[in-house]
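Visitor: Below are the sequence and a predicted model for it; my questions follow.
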Amino acid sequence: MTEDSNFLGRGWSFPPAFTAGGAQVQTVAGEDDIEQSLCLLLATRRGERVMVPDFGCDLAEFLFEEISPSLVGQVRDLVSDAILNHEPRVLLNGVEVSDERASEGLLLIEIDYQVRATNSRYNLVYPFYLREAASSP
């Protein structure tokens, strides 16, 4: 990322991290900020943020559900709606949900998007674990 891409936004890194000695909060900018914002959006439950109660994706409502074509479609629609409503810096090209690792209790959410300001295309694969005691990377 270059300094010229600061116009895309700058924010705290996620998860929050501090410089040595705890003097300053580490920040990210540009495409890194957008990617972290997408991950934060998917990890947040609606109502979790008091000042923005409709922010989030509510993927947690699917925890412990049986993986089926219906569930895959619901997850895809929920993720698409959340991104369209809460991340205006991107143009969503598509969301695919892969259940190839369903036996592990894992859905892979593949997000294909384009940064509106630069027309740069990116993809993000977000792992969503449906089982208890499954670990995320």
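Guide: On my side now, so go ahead.

Visitor: Only C-alpha atoms from now on, for both contacts and neighbour counts.
Guide: OK.

Visitor: which residues of this protein score low on pLDDT?
Guide: 1-9, 12, 132-137 (pLDDT under 70).

Visitor: the longest helix in it is where?
Guide: Counting by DSSP state H, the longest helix found in the chain is helix 69-86.

Visitor: Tell me the helix or strand right after that helix.
Guide: Counting by DSSP states H and E, the next helix or strand C-terminal to helix 69-86 is strand 90-98.

Visitor: hang on, residue 115 packs against residue 123?
Guide: No: Residue 115 is beyond contact range of residue 123, at 10.7 Å (criterion: CA atoms under 8 Å).

Visitor: mind listing what the residue positioned nearest the centre of the chain touches?
Guide: The centre of the chain sits closest to residue 39, judged by CA atoms, centre = their mean, with a distance of 2.4 Å. Residue 39 is in contact with residue 126, counting by CA atoms under 8 Å, 6 or more residues apart in numbering.

Visitor: now the strands for this protein?
Guide: 10-12, 27-29, 90-98, 106-115, 120-129 (DSSP state E).

Visitor: how about TSV for those strands, with distance to residue 61 and mean neighbour count added?
Guide: Shown next, in TSV, are these (distance: least, CA to CA, whole Å; neighbours: other CA atoms under 10 Å):
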stretch	distance to residue 61	mean neighbour count
strand 10-12	27	16
strand 27-29	30	18
strand 90-98	16	18
strand 106-115	14	19
strand 120-129	12	16
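
Visitor: buried residues in the longest helix of the chain?
Guide: Within helix 69-86, the residues that qualify as buried are 72, 75-76, 78-80, 82-83, 86, counting by 16 or more other CA atoms under 10 Å.

Visitor: What of stretch 35-47?
Guide: Buried residues in stretch 35-47 (16+ other CA under 10 Å): 36-39, 41-46.

Visitor: and the residue in the chain sticking out farthest from the centre, how far is that from residue 44?
Guide: If you look at how far each residue of the chain sits from its centre, by CA atoms, centre = their mean, the farthest one is residue 21, at 29.7 Å. Separation of residue 21 from residue 44 (CA to CA, to the nearest Å) stands at 29 Å.
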